[in-house]
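A.B. asks: coords below, sequence missing:
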């Protein structure tokens, strides 16, 4: 047989096997040749927000705090199912520990009965401290 014909037959059967695999197992071939994304929490890319940033110090007015756990990839993605703790210098946090949802978000509430500035920090999985702390003023 001609070498070119043998090469074409081998290429044909290799292509046939790849397509058969895709059809039988339902997984696109690109998942095997694509680079894996990083889904570890990032101290730099994770965020902490609060609203309002100013509240009455009467023990009942609450401030909503959201922590967004994001990956350290070039294009950060939400990281779900991570334990998030929030700490504050003053005030009472209703839930000090939570689990990030599918969007990487965890929600906390803080109140205070004494005036001052509460400095909030978030820790992910007891090891990753979010780089940017947040302040809330109670008056």
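C.D. replies: Cool, got the structure. A quick note: this is a predicted structure, and the numbers were derived from the prediction, not measured. Numbering: from 1, shown residues only.

A.B. asks: worst-scoring helix or strand of this protein, pLDDT-wise?
C.D. replies: helix 30-33 (a mean of 62; mean pLDDT, DSSP states H and E).

A.B. asks: per-domain residue ranges of the chain.
C.D. replies: 3-33, 47-138 (automatic domain parsing).

A.B. asks: which of the ones you listed sits most buried?
C.D. replies: domain 47-138 (a mean of 17; mean count of other Cβ atoms under 10 Å). Glycine gets a C-beta too; all of them are placed from N, C-alpha and C.

A.B. asks: now the terminal residues of it, how far apart.
C.D. replies: Terminal residues of domain 47-138 lie 22 Å apart, using Cα to Cα, to the nearest Å.

A.B. asks: so for it, mean pLDDT?
C.D. replies: Mean pLDDT, domain 47-138: 93.

A.B. asks: what's across from residue 97 in the sheet?
C.D. replies: residue 85 (DSSP bridges).

A.B. asks: hmm, back to that, show me what whichever helix or strand comes after the least confident helix or strand of the chain is packed against.
C.D. replies: Helices and strands here follow DSSP states H and E; after helix 30-33, the next one along the chain is strand 47-51. For strand 47-51, the elements it packs on are strand 63-68, strand 116-124, strand 134-138, judged by 3 or more Cβ pairs under 8 Å, 6 or more residues apart in numbering; DSSP states H and E.

A.B. asks: ok, 6 Å please
C.D. replies: Secondary structure elements in contact with strand 47-51, counted by 3 or more Cβ pairs under 6 Å, 6 or more residues apart in numbering; DSSP states H and E, are strand 63-68, strand 134-138.
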